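Asks: show me how the following folds:
(4 chains)
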Protein chains: 2
Amino acid sequence: MAVANTAVKIPLETPVVEKRVRNRAATEQAILDAAKRLLAEEGFQNFGINAVARGAGCDKQLIYRYYGGLDGLVEAIGTDLGSWVKDRIPDDTGGMFLLTYGDLMERLSLLFLDALRADPLMRRIVAWEVSESSEQVRRLSEARSKALAGWIERMRGSLVPPKGVDAQAVNAMIFAAIQHIVLASAVSDQCAGLALKNGKDWEKAATALKRIVRGVYG
Amino acid sequence: MAVANTAVKIPLETPVVEKRVRNRAATEQAILDAAKRLLAEEGFQNFGINAVARGAGCDKQLIYRYYGGLDGLVEAIGTDLGSWVKDRIPDDTGGMFLLTYGDLMERLSLLFLDALRADPLMRRIVAWEVSESSEQVRRLSEARSKALAGWIERMRGSLVPPKGVDAQAVNAMIFAAIQHIVLASAVSDQCAGLALKNGKDWEKAATALKRIVRGVYG
DNA sequence: CTTGTTATTCACCGCTCGGTGACAATTGGA
DNA sequence: TCCAATTGTCACCGAGCGGTGAATAACAAG
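Replies: Numbering: from 1, shown residues only, chains lettered A, B, ... in the order given. This next block holds a predicted model:
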């Protein structure tokens, strides 16, 4: 009686196999997509080999084979980042004439603010950058800042900052402010007592940002 | 021959017991200290029951008993935060006369910058705040912002911001910039292309900060 | 010395993690 | 047709995690 019912093979599933084709390129892409999606949606906390493999619907072994592990996969994300930025932040002046450095920085600030707000993956990467100091994240950070610097340089044209202002330092401050405020808003809908929920709140933030830029650059 | 050597009790350690006295208050304090130390030095990534217990040199069970788990412990850290801030950020004007709102904000900004730079625990908490959205971190965040707001209010005195400027929004931007730049520096010695290693670098950052504040508030 | 209380430790559970070696299935030439 | 490489799957490992129930050691009072 206590018999063979223990380890039965159950081929009940009709063999209507789900057309799981053999296609390395597609699988690599699926892994990369899953990694980006996971990072964007869940953050770097639960970001690991197992989670990515689950998300991609394949075995984790393939991640080792095709990317050499998580590090390689993260690096692939970094490589992707350049084009990513290009797709998401406009490269023209939006039909405006940027006459002064102040015009430029105001527009750049607002563009960057909106772009970061709209891009969860970027936000997660920025948060990662200020939370962990590993080789993985260093690579990502480098790719990101390079893409960003390239964009700024492209937009700058021949405009030059006013004399007597350390534009690099000031701009770093401004971009830091944008990044932090967007990160904070994504987590708690506010930053330093300033609400950041609806469009009206963001209007106020944008106005403050403009005021700061104009205060420095005129 | 193949005898009792298997499960021998080895009381080789000279019974010079390390005076592990029974003292609940002291143990609680040791746990709290270990938690703060661990959070400050290792960050929130590897922050867990086991790590804290190891750091405190006691069994994790005591953390459950005395604090009701990690959540309670984190809350205790939050409670500690008020006094913590008071100890670390001066409450007077440093012998200066703050005549205008601009004077005030300039001084507050620089004080906050230095305080955050000098306080690894605070930095870790801020990084935590922008990385994870849990109840734990929400509590911490609340405690921190409350302590900070109280400090600002104390310093403000009767000074009022100039008309026509949304001081709350602008100040949020300024504090966001400070927080982000300090976080970034602690991890990668730079932020948005601006080096942040030696004192000279920080001089530049401080100057930029002052310029921004003065640009807005005069 | 006994007894009860309190502080502290210990042993164990189930689970997930990153990582690896071996196996099965599919493909594309010789 | 058979072979070898490529693609994908599976089972398993050791380690660490958070969490819990029960044993143990130190103390205070009677």
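Asks: which residues touch the one residue in chain A that gets nearest to chain B?
Replies: Using CB to the nearest CB, the closest approach of chain A to chain B is made by residue A:215 at 2.7 Å. Where C-beta positions appear, they are placed from N, C-alpha and C, glycine not excepted. The neighbourhood of residue A:215, defined by CB atoms under 8 Å, 6 or more residues apart in numbering or on different chains, consists of B:212, B:214-216.
Asks: one more: residue A:131?
Replies: For residue A:131, the contact set (CB under 8 Å, 6+ apart) comprises A:44, B:43-45, B:127-128, B:130-131, B:187.
Asks: same check, this time on residue A:135
Replies: Contacts for residue A:135 (CB under 8 Å, 6+ apart) come out as residue A:71.
Asks: now swap in residue A:141 and tell me
Replies: By CB under 8 Å, 6+ apart, the contact set of residue A:141 is A:125, A:129, B:188.
Asks: kindly indicate which of those residues lies nearest DNA strand D.
Replies: residue A:129 (23.7 Å; CB to the nearest atom of the strand).
Asks: quick check: closest non-adjacent residue to that closest one.
Replies: Sequence neighbours aside, residue A:141 is the residue nearest to residue A:129 in space, at 4.7 Å (criterion: CB to CB, 6 or more residues apart in numbering or on different chains).
Asks: near DNA strand D, which residues of chain A are found?
Replies: A:20-24, A:26-27, A:58-59, A:61-62, A:65 (CB under 7 Å from any atom of the strand).
Asks: count of residues packed around residue A:23?
Replies: Counted with other CB atoms under 10 Å in any protein chain shown, the neighbours of residue A:23 add up to 10.
Asks: distance of the residue nearest to residue A:129 relative to residue A:127?
Replies: Residue A:141 is 11 Å from residue A:127, where distance means CB to CB, to the nearest Å.
Asks: for the helix or strand bottoming out on mean pLDDT in chain A, name the packing helices and strands.
Replies: Every helix and strand of chain A was ranked by mean pLDDT, DSSP states H and E. The lowest is helix A:70-88, at a mean of 89. The helices and strands touching helix A:70-88, judged by 3 or more CB pairs under 8 Å, 6 or more residues apart in numbering or on different chains; DSSP states H and E, are helix A:24-42, helix A:49-56, helix A:60-67, helix A:120-129, helix A:135-156.
Asks: from the chain's centre, how far out does the last one sit?
Replies: Here helix A:135-156 shows a centroid-to-chain-centroid distance of 11 Å under the convention CA atoms, centre = their mean, to the nearest Å.
Asks: now the angle between helix B:167-188 and the helix or strand that that helix is followed by, please.
Replies: With elements assigned by DSSP states H and E, the helix or strand that comes after helix A:135-156 is helix A:167-188. Orientation of helix A:167-188 against helix B:167-188 (axes from the mean of the first three to the mean of the last three CA atoms, to 10 degrees) gives an angle of 100 degrees.
Asks: who's in contact with the following helix or strand past helix A:167-188?
Replies: Remark: after helix A:167-188, the chain's next helix or strand is strand A:190-191, criterion DSSP H and E. Strand A:190-191 has contacts (CB under 8 Å, 6+ apart) with A:180-181, A:184-185, A:196-197, B:172, B:176.
Asks: by neighbour count, which of those residues wins?
Replies: Within the contacts of strand A:190-191, residue A:181 tops the neighbour count with 31 neighbours, counted by other CB under 10 Å.
Asks: I'd guessed it sits against residue B:178; true?
Replies: No - with contact defined as CB atoms under 8 Å, residue A:181 does not count as touching residue B:178 (11.8 Å).
Asks: check the average confidence over the host helix or strand of residue A:110, would you?
Replies: Using DSSP H and E, residue A:110 falls within helix A:101-118. The average of the pLDDT scores along helix A:101-118 is 96.
Asks: can you check stretch A:47-54 too?
Replies: 98.
Asks: per the record, what domains does chain A have?
Replies: A:24-68, A:83-217 (automatic domain parsing).
Asks: what bits of chain A have low per-residue confidence?
Replies: Segments of chain A classed as low confidence (criterion: pLDDT under 70) are A:1-20.
Asks: which residue does it bring closest to DNA strand C?
Replies: The minimum distance from chain A to DNA strand C, using CB to the nearest atom of the strand, falls at residue A:48 (2.0 Å).
Asks: what's the burial count for that residue?
Replies: Residue A:48: 13 neighbours (other CB under 10 Å).
Asks: which residue packs closest to it, ignoring adjacent ones?
Replies: Using CB to CB, 6+ apart, the closest residue to residue A:48 is residue A:70 (7.0 Å).
Asks: the one you found contacts residue A:50, doesn't it?
Replies: No - with contact defined as CB under 8 Å, residue A:70 does not count as touching residue A:50 (10.3 Å).
Asks: okay, the two: which has more neighbours?
Replies: residue A:70 (17 against 10).
Asks: got the contact list for the more buried one?
Replies: A:48-49, A:52, A:63, A:136.
Asks: coming back round to it: the helix holding residue A:110: how far from the chain's middle?
Replies: 16 Å.
Asks: what's the answer for stretch A:24-36, then?
Replies: 17 Å.
Asks: ok, now stretch A:62-75?
Replies: The chain centre lies 19 Å from the centre of stretch A:62-75; the measure is CA atoms, centre = their mean.
Asks: could you give me the buried positions within it?
Replies: By neighbour count on 16 or more other CB atoms under 10 Å in any protein chain shown, the buried set for stretch A:62-75 is A:62-63, A:66-67, A:70, A:73-75.
Asks: quick one: is it near DNA strand C?
Replies: Yes - on the criterion CB under 7 Å from any atom of the strand, stretch A:62-75 is in touch with DNA strand C at A:64, A:69-70.
Asks: name the nearest residue to the residue nearest the centre of chain A, sequence neighbours excluded.
Replies: Closest to where the C-alpha atoms of chain A average out (CA atoms, centre = their mean) is residue A:122, at 1.4 Å. With sequence-adjacent residues excluded and distances taken as CB to CB, 6+ apart, residue A:122 is closest to residue A:116, at 5.8 Å.
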